[in-house]
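K.L.:
sequence and predicted structure below; questions after.
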Amino acid sequence: VKLVQSGGGSVQAGGSLRLSCAASEYPVGTYCMGWFRQAPGKEREWVASMGYLRDYGDSAEGRFTISKDNSQNNLYLQMNNLEPGDTALYYCAAKTIRSCTRLEADYTFWGQGTQVTVSS
């Protein structure tokens, strides 16, 4: 299994970005996948996940949208109205069951990470 991330970059506050995660040898529509992020000096935190349902952390609720394209075998995170506090290294992650959790340790496969920087 391989998860390859793309997207990210630098934007001003209020802008938007879309992160992508292309999966190989892994059916994105079958199992739970999620997004995590790690800001400098902080622990990695859960952002959103999608299995049976979509679930969002407080910081993502109302601004971020997680989605899957089963035909392309991709996972996405659309991020709108970005804030400087969203600056972090973002990771996609995948489980081997469809039921989602918010715990980093429950995810088996990880992307390489992609940087998102939001300036004020």
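P.N.:
Yep, that arrived. If you're wondering where the values come from, they're calculated on a predicted model, not measured in any experiment.
K.L.:
tell me which stretches of the protein form strands.
P.N.:
Ranges of strands within the chain are 2-7, 9-12, 17-24, 33-38, 45-50, 54-56, 64-69, 74-79, 88-94, 109-110, 114-119, based on DSSP state E.
K.L.:
ok, now which ones touch the most centrally placed residue in the chain?
P.N.:
Among the residues of the chain, Trp35 comes closest to the average C-alpha position under CA atoms, centre = their mean, at 2.5 Å. By CB atoms under 8 Å, 6 or more residues apart in numbering, Trp35 lies in contact with 19, 46-49, 66, 75, 77, 90-93. The way it works is simple: take the backbone N, C-alpha and C, and place the C-beta from them, glycine included.
K.L.:
against Ser120, how distant is it?
P.N.:
23 Å (CB to CB, to the nearest Å).
K.L.:
check Gln78 too.
P.N.:
With CB to CB as the criterion, Gln78 and Ser120 are 21 Å apart.
K.L.:
what's the nearest residue to Ser119 if we skip its chain neighbours?
P.N.:
Distances taken as CB to CB, 6 or more residues apart in numbering place Gln12 nearest to Ser119, at 5.4 Å, with adjacent residues excluded.
K.L.:
correction: the previous question concerned Ser6.
P.N.:
Nearest to Ser6 is Ser20, by CB to CB, 6+ apart, at 4.8 Å.
K.L.:
the one you found against Leu3, yeah?
P.N.:
No. Taking CB atoms under 8 Å as the definition, Ser20 is not a contact partner of Leu3, at 10.3 Å.
K.L.:
now do the phi/psi pair for Arg63.
P.N.:
When read as degrees, to the nearest 10, the backbone of Arg63 gives phi -120, psi -30.
K.L.:
that one: how many residues sit nearby?
P.N.:
By other CB atoms under 10 Å, 15 other residues sit near Arg63.
K.L.:
the residue nearest to the centre of the chain pairs with what?
P.N.:
For Trp35, the beta-bridge partners are Ala48, Cys92 (DSSP bridges).
K.L.:
show me the shaky parts of this protein.
P.N.:
Scanning the chain for pLDDT under 70 picks out no residues.
K.L.:
circling back: who wins for proximity to Cys100 among the strands of the chain?
P.N.:
Cys100 lies closest, by CB to CB, to one member of the strands of the chain: strand 45-50, at 4.1 Å.
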